[in-house]
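Colleague: just coords:
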């Protein structure tokens, strides 16, 4: 790979050498420029968000009233499974990788990502994996209906759609691992002179930690689904209780991947919000080093709490107590972050442009998700609430109002940098309020449904749950339609509009606020190539 890093080879990666750029389809197919690959990731993830969103609307349409309206229970379960898989592996994670590709080299003063061709490969692996996932709806037996967690023994009895899902997850895992190696190498080896680790922007820090998490847990998922595959086709009995296997072992292996995965989807969001709030509060980020340590502690603790997803599996009391207290402990570093964001805003000269609105919305709604998480960490409560809509409400507050709102904030924040044009501020604010209100109309009633005992993944329900389900379904369609505003704003911004200033967010832009002291090249301009 050393040949790739020669300055003469890198020349084609920079705007000042536009004549070297391949054009048309070749530009995107053979992209080795981090900005182009970041753009590909972002468009890919938006497409997957749309697909996963349509599946979610199918679920909500069915649940609009009691009785079976549109789909049979089998198809309903396929919708829930594929909605989960597509949103996690196709929408949220690739979007954050897109941000990493675009912003990390700019923020650390690197000329590009460390392994440009591997970067291209890790993106293009996503596409066949996504096609495999979506195509599984159209094979005999349809997509897998085992839930996005693919629990044994159910996953052993599904049709060929299950094998397609397993293959897709393997390919996406390989893509994630390659992307993570690239990010870690770039951050550790290609920082500008003078930028020590503790001078890096928070976004770079959160991605460095996230990349280590990904490398640690992706092989665990690969192990779980490979054992499922051999159980299905090669006569092994890892999870087959009738032949001495253990279905609960699958849950242990899966959640050892699955819980850190939850933090993989939120840590880069913390990084984005930690960049935006100092900018619009016109203050330095409060407690930079405590933010770094809090992020690292969340990552480390995420490895010792996996079985809080399994309180109902007949765990010994000591196990329940350990996982309960370890889970509660994660609230401490998370609370530190919330406190630091609030302290950054405290007595700042704040303005409320769209990125700031989404960041404040993120803090408010993510905190609700965090508090319901603490409630679910209490074993006796969780045993009652497990697999009810309370859990659905909890993780959507974390993943939609957490990850997705932070992604929206980041898009609005960096669009002027990416396109050279200002986006339409009025439409951006409209998008924020539409998303915020419809999101809460959709998911807040689910807390009440769960507390009243409505189980998740059921296509039908008793009449007592009808009203809240109707409200949630109306909200869901509103939320889905609100995202078309974002699409319109982005396309309009790409096509033109008011030229963005060198520092579109005020006189000092605040961009240096997210680091403890102004580090070299941490400005809005593309950094010079470090020879």
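Modeller: Yep, that arrived. Note that the structure is predicted; figures quoted are calculated from it, not measured.
Colleague: CA atoms for contacts and neighbours, from now on please.
Modeller: Noted.
Colleague: what's the lengthiest helix in the chain packed up against?
Modeller: Using DSSP state H to define each element, the chain has its longest helix at helix 202-233. Packing partners of helix 202-233 (3 or more C-alpha pairs under 8 Å, 6 or more residues apart in numbering; DSSP states H and E): helix 93-108, helix 160-189, helix 247-264, helix 267-281, helix 288-301.
Colleague: can I assume residue 146 sits in a helix?
Modeller: No - judged by DSSP: H, G, I helix; E, B strand; the rest coil, residue 146 forms no part of a helix; its state is coil.
Colleague: pull the contacting residues for it.
Modeller: Listed by C-alpha atoms under 8 Å, 6 or more residues apart in numbering, the contact partners of residue 146 are 77, 78, 81, 154, 155, 158.
Colleague: looking at those residues, which are in helices?
Modeller: Short answer: the contacts of residue 146 in helices (DSSP H) are 77, 78, 81.
Colleague: just checking, the second one touches residue 145?
Modeller: Going back to what we said before, that points to residue 78. Yes - using C-alpha atoms under 8 Å, residue 78 makes contact with residue 145 at a distance of 4.3 Å.
Colleague: mind listing the shared neighbours of the two?
Modeller: Shared contacts of residue 78 and residue 145, defined by C-alpha under 8 Å, 6+ apart, are absent.
Colleague: which one's more surrounded, those two?
Modeller: residue 145 (27 against 24; other C-alpha atoms under 10 Å).
Colleague: quick one: contacts for the more buried one?
Modeller: 74, 75, 77, 78, 79, 80, 81, 158.
Colleague: again, 6 Å this time
Modeller: By C-alpha atoms under 6 Å, 6 or more residues apart in numbering, the residues touching residue 145 are 77, 78, 81.
Colleague: equivalent analysis for residue 413, please.
Modeller: By C-alpha under 6 Å, 6+ apart, residue 413 lies in contact with residue 355.
Colleague: how about it, secondary structure?
Modeller: helix.
Colleague: before we move on, the earlier item: adding mean neighbour count, write the helices and strands packed on helix 202-233 out as CSV.
Modeller: Shown next, in CSV, are the helices and strands packed on helix 202-233 (neighbours: other C-alpha atoms under 10 Å):
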stretch, mean neighbour count
helix 93-108, 25
helix 160-189, 21
helix 247-264, 21
helix 267-281, 26
helix 288-301, 19
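Colleague: dump the ones you listed to JSON lines, plus mean pLDDT and distance to residue 350.
Modeller: Compiled in JSON lines, these are given as follows (pLDDT from 0 to 100; distance: least, C-alpha to C-alpha, whole Å):
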{"stretch": "helix 93-108", "mean pLDDT": "96", "distance to residue 350": "23"}
{"stretch": "helix 160-189", "mean pLDDT": "96", "distance to residue 350": "31"}
{"stretch": "helix 247-264", "mean pLDDT": "96", "distance to residue 350": "29"}
{"stretch": "helix 267-281", "mean pLDDT": "96", "distance to residue 350": "4"}
{"stretch": "helix 288-301", "mean pLDDT": "96", "distance to residue 350": "19"}
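Colleague: let's have those in TSV, adding distance to residue 48.
Modeller: Shown next, in TSV, are the helices and strands packed on helix 202-233 (distance: least, C-alpha to C-alpha, whole Å):
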stretch	distance to residue 48
helix 93-108	9
helix 160-189	13
helix 247-264	18
helix 267-281	19
helix 288-301	27
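Colleague: out of these, the one nearest residue 119 is which?
Modeller: Residue 119 lies closest to helix 160-189 among the helices and strands packed on helix 202-233, at 6.4 Å (C-alpha to C-alpha).
Colleague: other SSEs contacting the closest one?
Modeller: With contacts taken as 3 or more C-alpha pairs under 6 Å, 6 or more residues apart in numbering; DSSP states H and E, helix 160-189 sits against helix 116-135, helix 202-233.
Colleague: run the chain-centre distance for the shortest one.
Modeller: Pointing back at helix 116-135 there. On the basis of C-alpha atoms, centre = their mean, to the nearest Å, helix 116-135 is displaced by 17 Å from the centre of the chain it belongs to.
Colleague: which helices and strands sit right next to it?
Modeller: helix 160-189.
Colleague: quick one on the thing from earlier: and residue 137, which of the helices and strands packed on helix 202-233 is closest to it?
Modeller: It's helix 160-189; of the helices and strands packed on helix 202-233, that one is closest to residue 137 (C-alpha to C-alpha) at 7.1 Å.
Colleague: which stretches of the chain aren't confidently modelled?
Modeller: 1-20, 507-531 (pLDDT under 70).
Colleague: could you dump the helices and strands packed on helix 160-189 into JSON lines with mean neighbour count and distance to residue 467 added?
Modeller: Converted to JSON lines, the helices and strands packed on helix 160-189 look like this (neighbours: other C-alpha atoms under 10 Å; distance: least, C-alpha to C-alpha, whole Å):
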{"stretch": "helix 116-135", "mean neighbour count": "19", "distance to residue 467": "32"}
{"stretch": "helix 202-233", "mean neighbour count": "21", "distance to residue 467": "39"}
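Colleague: now distance to residue 272 too, for those helices, in a markdown table please.
Modeller: Shown next, in a markdown table, are the helices and strands packed on helix 160-189 (distance: least, C-alpha to C-alpha, whole Å):
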| stretch | distance to residue 272 |
| --- | --- |
| helix 116-135 | 22 |
| helix 202-233 | 6 |
